[in-house]
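# Using only what follows, build the 3D model:
(4 chains)
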There are 2 protein chains.
Amino acid sequence: MAEIFSLSPSHPMPLYAQLTRAIRFAIATGKLGVGEQLPTVRQLAVELRVNANTVAKVYAELERSGILETRRGVGTFVSARHFAAHHRDEHEKHLAELVDRFVEEAGAMGFSIDDVLDQLQSRRKKETKKNV
Amino acid sequence: MAEIFSLSPSHPMPLYAQLTRAIRFAIATGKLGVGEQLPTVRQLAVELRVNANTVAKVYAELERSGILETRRGVGTFVSARHFAAHHRDEHEKHLAELVDRFVEEAGAMGFSIDDVLDQLQSRRKKETKKNV
DNA sequence: TTACTTGTACTAGTATCGTAGTACAACTAC
DNA sequence: GTAGTTGTACTACGATACTAGTACAAGTAA
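You can find the predicted model right below:
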């Protein structure tokens, strides 16, 4: 673990949320592999100039989500269970919930699902273009 | 204006947000027509059992968004400008911003735009099915 | 002008959130 | 066992968010 997550205290998003997001993203993109150990709460707290409890809360939350596994006296690790097949359903459910919120919000602004689909599709085209 | 917006104080979403959403939705779905007058801040405050200032804040915010127009001593009305052509761009921009946030959030959970598109498309099918 | 309506500014109280400090508990290694 | 590591529980402080109370300002109508 040479690289470190970066937080901006001035950003409106709270530190714990920034860190949660950073860790989730690191795992989702493979920067953090299955079984890999994360820095200890104190280590990371010092490096991010943050209280140890803030890091601990994040680790605990991610453990409840099944993404991390913590062992006292040892450390915190990227969970293997999370990537097991029986967790796929739950993952899908989370996406469904996210989409729910999104559709509702867009609806309150007067947009239909089709409007949203158009936006997303044009965005996808740009993305794939960039990555070619 | 016979029907009234409904708020639930026990809901985690703050009252002002609930009201904002309700009004936006009413306008977006045509329940509130262009030029139509909304209840006065005091009237609505009494009916919703809420402080007048809470309603006023919502009206003020929606006015800043160009959705409402207020005239002292007269009342608050659904703005006509909002539906003028030159506001379409801004509306589109809001959708784009919403989609931005959404894609980012989904990305942090490890979902690609394609995953999201799949979800939305299957949802659209269900919607159209229901409405037939 | 005067009475009455409307929205608004200012202030304050309460609750909640985010973070930090400190002390504690579980575990490992020797 | 003891020392040293790890995560955790409890508490408290500061900041912010939300709502309400009160007094005010701008406009209308007679």
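
# From here on, just use CA atoms for contacts and neighbour counts.
OK.

# For the strand or helix carrying residue A:23, buried residues please.
Under the assignment given by DSSP states H and E, the secondary-structure element containing residue A:23 is helix A:15-28. Within helix A:15-28, the residues that qualify as buried by neighbour count (16 or more other Cα atoms under 10 Å in any protein chain shown) are A:15-16, A:18-28.

# Residues contacting it, please?
With Cα atoms under 8 Å, 6 or more residues apart in numbering or on different chains as the test, helix A:15-28 has contacts from A:5-9, A:32-33, A:54-55, A:57-58, A:62, A:78, B:107-110.

# same thing but 10 Å
Residues outside helix A:15-28 that contact it (Cα atoms under 10 Å, 6 or more residues apart in numbering or on different chains) are A:4-9, A:11-13, A:29-34, A:36, A:38, A:48, A:50, A:53-59, A:61-62, A:67-68, A:78, B:105-111.

# Now do that helix: distance to the chain's middle.
With Cα atoms, centre = their mean, to the nearest Å as the basis, helix A:15-28 stands 4 Å off its chain's centre.

# Report the rounded mean pLDDT for the helix or strand following it.
Scanning the chain past helix A:15-28 towards its C-terminal end, the next helix or strand to appear is strand A:37-38 (assignment: DSSP H and E). Across strand A:37-38, the average pLDDT comes to 96.

# and the residue of chain A positioned farthest from its centre, what is it in contact with?
The outermost residue of chain A, judged by C-alpha distance from the chain's mean C-alpha position using Cα atoms, centre = their mean, is residue A:110 at 29.3 Å. In this structure, residue A:110 makes contact with A:104, B:24, B:25, B:26, B:27, B:28, B:29, B:30, B:91, B:95, judged by Cα under 10 Å, 6+ apart.

# where does it land in three-state SS?
Each residue gets one of three states, and residue A:110 gets coil by DSSP: H, G, I helix; E, B strand; the rest coil.

# roughly how far apart are it and residue A:124?
23 Å (Cα to Cα, to the nearest Å).

# Over to residue A:65?
Between residue A:65 and residue A:124 the computed distance is 29 Å (Cα to Cα).

# Chain A: helices as residue ranges?
In order along the chain, chain A carries the following helices (DSSP state H): A:15-28, A:41-48, A:52-64, A:88-108, A:113-130.

# need the ones you listed in TSV with mean pLDDT, can you?
What follows is these, written out as TSV (pLDDT from 0 to 100):
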stretch	mean pLDDT
helix A:15-28	93
helix A:41-48	96
helix A:52-64	96
helix A:88-108	84
helix A:113-130	86
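
# Including distance to residue B:128, could those helices go into JSON lines?
What follows is the helices of chain A, written out as JSON lines (distance: least, Cα to Cα, whole Å):
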{"stretch": "helix A:15-28", "distance to residue B:128": "33"}
{"stretch": "helix A:41-48", "distance to residue B:128": "49"}
{"stretch": "helix A:52-64", "distance to residue B:128": "37"}
{"stretch": "helix A:88-108", "distance to residue B:128": "15"}
{"stretch": "helix A:113-130", "distance to residue B:128": "10"}
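
# Kind regards, and thank you for your time.
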